[in-house]
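Peer 1: sequence first, then the predicted structure:
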Amino acid sequence: MAEEQKQQLFTEQLKRIIAEKRERLRRPVRYHITTMGCQMNARDSEKLSGVLSEIGCAETDSEDADILLFNTCTVRENANEKLYGHLGIVKHFKKVNPDMLIGICGCMMQEKDEVLRIRQKYHFVNLVFGTHNIWKFPELLYACETEKQRVFDVEEQRDAFRDHMPVKRKLRFKSGVNIMYGCNNFCTYCIVPYVRGREQSREPEDILAEVRALVADGVKEIMLLGQNVNSYGKTLERPVGFADLLRRVCRVQGLQRVRFMTPHPKDLSDDLIAAIRENPKVCRHLHLPLQSGSTGILRRMNRRYTKEAYLSLVDKIKRELPDVGLTTDIIVGFPGETEEDFQDTLDVVRRCHFQSAFTFIYSKRSGTPAASFEEQVAPEVVADRMKRLIELVQSQAGTVADRDQGNVMPVLVEEEDSHAEGYLTGRLGNNLMVHFPGDRSLIGEIVDVELTESKGFYYMGRRKE
Ligand code: SAH
Ligand code: SF4
Ligand code: F3S
């Protein structure tokens, strides 16, 4: 039987089980998913949410739910610690509600040691599965509900059905779309290729069909997701470049905004820059992870570009796309990083004028090549560098944002402002946030807003009718 139909059968069975439970409890069966990782992780949560709502469960904001899932991340050590922190708390919920089902999935569950730890020390966890068999969720949940024993199912790469799962989006008007899975780059610090497997692109027709369906369902903005979108389509039977995919996506009628994440600086093509330039639907935002400004460190990170190559790429981008907002990721304290290397990072930051930067302390991930590199940098040295880097990034971000003060720009309204009554919060194409007075009926609309005051990393504004 095709996997898709098999999972559908389990879904039907689960509908019956959940209906019975609802009857017995005389209230809805509540579920909650705690999403701990990146956009791809968040998209997976929407798929799990799709299954849970299809079988008749109701979503709740609290982890004190009947079905609780942790969709984990393992990119840095503190991501792992976060999970164990949560587990310490939810253990008490389960004491009050012994029927509670606790599941853990996501990247961390592709690590054998972590799965073992859960199996041996966290007996109240009922269900564990990985990233490669998320499509099997109905079957695994069914086993949990009927067999009344713990279910552990983690597979190596075998991704059968994941693109056909039902989806419940967090936001009605915005969605991620996976264009590829996994990663082949093996940056020496990074665990993603080990937990997400080898790179696999989806067929362009499938991606376009998904985008069209999303637009028909009210989506205005989509984000194309992949660990390195620049290598999209190279291994397909009929190879397609990312720039061409982007052009085809832009042609979907009714779609208003397109974003993508993440392009790797080593192979960002001129054709991609041209595709962005010729398509006003593509948001003027590029997230271009630098990681380090030192050519020596970049070589040992296996990033396959130099300081100079990164700088000239940024020059070219700014020349061709003058209104682009550039953001980046930087790792501080990679093994062997000297003060001189760090000065190179500061130098690149100074010259690139990033709109914002995510700064990370290097975290040793077991199984990656860098974990065995000697000369780990002392924590106090790392802390001092981090402080200096953040100061520089913040001082520049303000000047970058000031550039658009006074301009009128389109804003996608996302939600009511949580800090000020009567205000809305929305996002510019360049990804900066704007707060302005308005009615909640505008949520999900794209409206013109005058950016009256730049606050460095966001704006205050006024709607222009
Ligand atoms: N595929 C994306 C990044 C995914 S991980 C890319 O190549 O840009 C997101 C960010 O986490 C990375 O850009 C990197 O800055 C950071 N990161 C990854 N592994 C890390 C580690 N071991 N320690 C600290 N930061 C790390
Ligand atoms: Fe990790 Fe590098 Fe792949 Fe990004 S490109 S996911 S940093 S290995
Ligand atoms: Fe994303 Fe974290 Fe996995 S960054 S791919 S959820 S390890």
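Peer 2: Structure's in. What do you need? Ligands and ions are numbered 1, 2, ... in the order given.
Peer 1: which bits of the stretch 151-300 of the chain sit near ligand 2?
Peer 2: C183, N185, F186, C187, C190, V192, P193, Q227, N228, H264 (C-beta under 6 Å from any ligand atom). In this view, the C-beta of every residue, glycine as well, is placed from N, C-alpha and C.
Peer 1: of these, closest to ligand 3?
Peer 2: The closest of those to ligand 3 turns out to be V192 (C-beta to the nearest ligand atom; 5.1 Å).
Peer 1: and the closest one, how many neighbours?
Peer 2: V192: 21 surrounding residues under other C-beta atoms under 10 Å.
Peer 1: check the gap between it and G182 for me.
Peer 2: Here V192 is placed at a distance of 8 Å from G182 (C-beta to C-beta, to the nearest Å).
Peer 1: overlap of the contact sets of those two?
Peer 2: Common contacts of V192 and G182 (C-beta atoms under 8 Å, 6 or more residues apart in numbering): Q227.
Peer 1: now do the strands in the stretch 351-465 of the chain.
Peer 2: In the stretch 351-465 of the chain, the segments counted as strands under DSSP state E, counting those that start in this stretch are 356-361, 408-416, 423-428, 433-437, 446-454, 458-463.
Peer 1: same list (these) but as a markdown table, adding mean pLDDT and distance to ligand 3.
Peer 2: As requested, those are arranged in a markdown table below (pLDDT from 0 to 100; distance: least, C-beta to the nearest ligand atom, whole Å):
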| stretch | mean pLDDT | distance to ligand 3 |
| --- | --- | --- |
| strand 356-361 | 97 | 11 |
| strand 408-416 | 97 | 22 |
| strand 423-428 | 98 | 21 |
| strand 433-437 | 98 | 22 |
| strand 446-454 | 97 | 28 |
| strand 458-463 | 97 | 24 |
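Peer 1: what is the helix or strand containing R299 packed up against?
Peer 2: Per DSSP states H and E: R299 is located in helix 295-300. Judged by 3 or more C-beta pairs under 8 Å, 6 or more residues apart in numbering; DSSP states H and E, helix 295-300 is in contact with helix 307-320, helix 339-352.
Peer 1: report how many residues lie close to P335.
Peer 2: Neighbours of P335 under the rule other C-beta under 10 Å: 19.
Peer 1: I meant to write R27 there.
Peer 2: R27 has 11 neighbours, counted by other C-beta under 10 Å.
Peer 1: K387 too?
Peer 2: Quick note: K387 (other C-beta under 10 Å) scores 11 neighbours.
Peer 1: quick one, phi/psi of whatever residue of the stretch 351-465 of the chain ends up closest to ligand 2?
Peer 2: Closest contact between the stretch 351-465 of the chain and ligand 2, by C-beta to the nearest ligand atom, is at T368 (8.9 Å). Reported as degrees, to the nearest 10, the phi and psi values for T368 are phi -90, psi 150.
Peer 1: and V177, by the same measure?
Peer 2: phi -140, psi 120.
Peer 1: okay, and the beta partners of it?
Peer 2: L224 (DSSP bridges).
Peer 1: what distance do you get for it to V400?
Peer 2: In terms of C-beta to C-beta, V177 sits 29 Å off from V400.
Peer 1: these two: who's more crowded?
Peer 2: V177 (22 against 19).
Peer 1: on that earlier part again, ok, the residue of the stretch 351-465 of the chain closest to ligand 2 - contacts?
Peer 2: T368 neighbours (C-beta under 8 Å, 6+ apart): T188, Y189, C190, I191, Y194.
Peer 1: neighbours around S231, how many?
Peer 2: If you count neighbours by other C-beta under 10 Å, S231 ends up with 21.
Peer 1: for C105, helix, strand, or coil?
Peer 2: In three-state terms, and counting by DSSP: H, G, I helix; E, B strand; the rest coil, C105 is strand.
Peer 1: ok, the residue nearest to it when sequence neighbours are not counted - contacts?
Peer 2: Once flanking residues are discounted, C105 sits nearest to F129: 4.9 Å by C-beta to C-beta, 6 or more residues apart in numbering. Neighbour list for F129: G103, C105, M109, K136, F137, L140, V151, F152, D153, V154 [criterion: C-beta under 8 Å, 6+ apart].
Peer 1: what of F457?
Peer 2: Listed by C-beta under 8 Å, 6+ apart, the contact set of F457 reads Q355, S356, A397, G398, A401, L432, M433.
Peer 1: need those residues in TSV (columns: neighbour count).
Peer 2: Below are these laid out as TSV (neighbours: other C-beta atoms under 10 Å):
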residue	neighbour count
Q355	23
S356	20
A397	19
G398	12
A401	21
L432	26
M433	16
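Peer 1: what's the most distant pair in those residues?
Peer 2: G398 and M433 (14.6 Å; C-beta to C-beta).
Peer 1: which stretches of the protein have low pLDDT?
Peer 2: The chain contains residues with pLDDT under 70 at 1, 159-160.
Peer 1: contact residues of it facing ligand 3?
Peer 2: Within reach of ligand 3 by C-beta under 6 Å from any ligand atom, the chain has these residues: G37, C38, M40, N41, C73, T74, V75, C107, V192, V195, R196.
Peer 1: repeat that for 8 Å
Peer 2: The chain comes close to ligand 3 at residues 36-41, 71-75, 79, 106-108, 131, 191-192, 195-196, 227, as judged by C-beta under 8 Å from any ligand atom.
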